[in-house]
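A.B. asks: What follows is a predicted structure for the sequence shown.
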Amino acid sequence: TGAAALCSRAAMRSGAGVVTLAVPASLNPVMEVKLTEVMTIPLPDAGAGYIAAEALDIVLDKLEDYDVLAIGPGVGTATATCEVVEGLLRRARKPVVLDADGINCAAPRADFLSAREAATVITPHPGELGRLLGRRAGDIQSSRMASAAEAAGRFGCTTVLKGANTLVASPDGRIYVNTLALPSLATAGSGDVLTGCTAALCAQGLEPLHAALCGVFIHGKAAELAAHMVGPLGMVAGDIIS
């Protein structure tokens with residue numbers, strides 16, 4: 001529940017006027033307590049705590065009223081959930097920001113991403129990008145720029161490779177480097193905050209590449225300010241949202 005809550009709260013704080021979190025029905029009461037401004041949609045989960053296959057058509061129907069879809073934080077990799085993730089990526093006609101277990105669910109058959117009609121932004125850390133490209137995380141780290149460029153070109157996605165000096169690679173070959181290397185950003189949930197921030201910027205009309213660039217910058221700047229206020233050792237992801 002933590003990752004999903006961080007992502008949706010970050011979207012609100014980044015300027016999205018309305019944010020709705022689709023969550024397994026058995027977890028919905030938890031989210032109703034954790035979140036005040038964010039609305040929720042309880043999805044079929046057969047009481048198991050993960051999204052069931054029947055959720056696909058529900059999300060697609062609800063998506064007609066929204067501008068962008070963020071997939072991944074906290075979603076898990078159960079077989080039925082991965083089927084829903086792949087179905088959304090294949091059928092959703094809205095921009096998608098894909099992160100975390102959303103990437104892990106898509107990884108076994110990721111080449112279909114290039115066939116999406118709408119734009120996609122992926123925000124992997126080296127391990128997740130390694131799964132997409134069939135390599136180890138260490139190999140990604142040793143060739144970060146080439147790996148980000150390869151993923152952007154192969155999958156037709158704006159690719160945000162997180163880490164010190166985060167990279168943003170465009171499918172047309174351009175690569176941007178964020179020069180921030182802040183150790184306190186390596187805290188649990190930080191990437192979920194970035195996903196929500198990037199999705200909110202997409203929802204406000206920025207094209208996906210610009211949403212990714214601005215999202216990375218705003219996320220890093222907020223973390224820098226939070227580290228000054230809280231201290232670098234005790235900073236948590238929620239401080240970045242604040």
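C.D. replies: Yep, it's here.
A.B. asks: Under a three-state scheme, what state does residue 23 occupy?
C.D. replies: The three-state label given to residue 23 by DSSP: H, G, I helix; E, B strand; the rest coil is strand.
A.B. asks: For it, give me its contacts.
C.D. replies: Each residue near residue 23 by C-beta atoms under 8 Å, 6 or more residues apart in numbering is listed here: 1, 4, 31, 40, 41, 42, 43. Where you see a C-beta, it was placed from the backbone N, CA and C, and this is true even at glycine.
A.B. asks: The first one reaches residue 27, doesn't it?
C.D. replies: I take that to be residue 1. Yes: counting by C-beta atoms under 8 Å, residue 1 does reach residue 27; the two are 5.9 Å apart.
A.B. asks: quick one, which of those two is more surrounded?
C.D. replies: For residue 1 versus residue 27, the count of surrounding residues by other C-beta atoms under 10 Å is larger for residue 27: 21 against 16.
A.B. asks: picking that back up, can you list the contacts of residue 23 in a markdown table and add pLDDT?
C.D. replies: Converted to a markdown table, these look like this (pLDDT from 0 to 100):
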| residue | pLDDT |
| --- | --- |
| 1 | 95 |
| 4 | 98 |
| 31 | 97 |
| 40 | 98 |
| 41 | 97 |
| 42 | 97 |
| 43 | 98 |
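A.B. asks: By neighbours, which of those wins?
C.D. replies: residue 4 leads the contacts of residue 23 on contacts (other C-beta under 10 Å) with 27 neighbours.
A.B. asks: Chain neighbours aside, what residue packs nearest to that residue?
C.D. replies: Of all residues not flanking residue 4 in the chain, residue 74 sits nearest, at 4.0 Å (C-beta to C-beta, 6 or more residues apart in numbering).
A.B. asks: where does that neighbour land in three-state SS?
C.D. replies: At residue 74 the chain is in coil, as set by three-state DSSP.
A.B. asks: Now do the contacts for it.
C.D. replies: Contacts of residue 74 by C-beta under 8 Å, 6+ apart are 1, 2, 3, 4, 7, 100, 101, 192.
A.B. asks: which of these has the most neighbours?
C.D. replies: residue 7 leads the contacts of residue 74 on contacts (other C-beta under 10 Å) with 32 neighbours.
A.B. asks: in which helix or strand would I find residue 106?
C.D. replies: For residue 106, the host element (DSSP states H and E) is helix 100-106.
A.B. asks: Report the mean per-residue pLDDT for that helix.
C.D. replies: What helix 100-106 shows for mean pLDDT is 97.
A.B. asks: what's the following helix or strand after it?
C.D. replies: Trace forward from helix 100-106 with DSSP H and E and the next one is strand 120-122.
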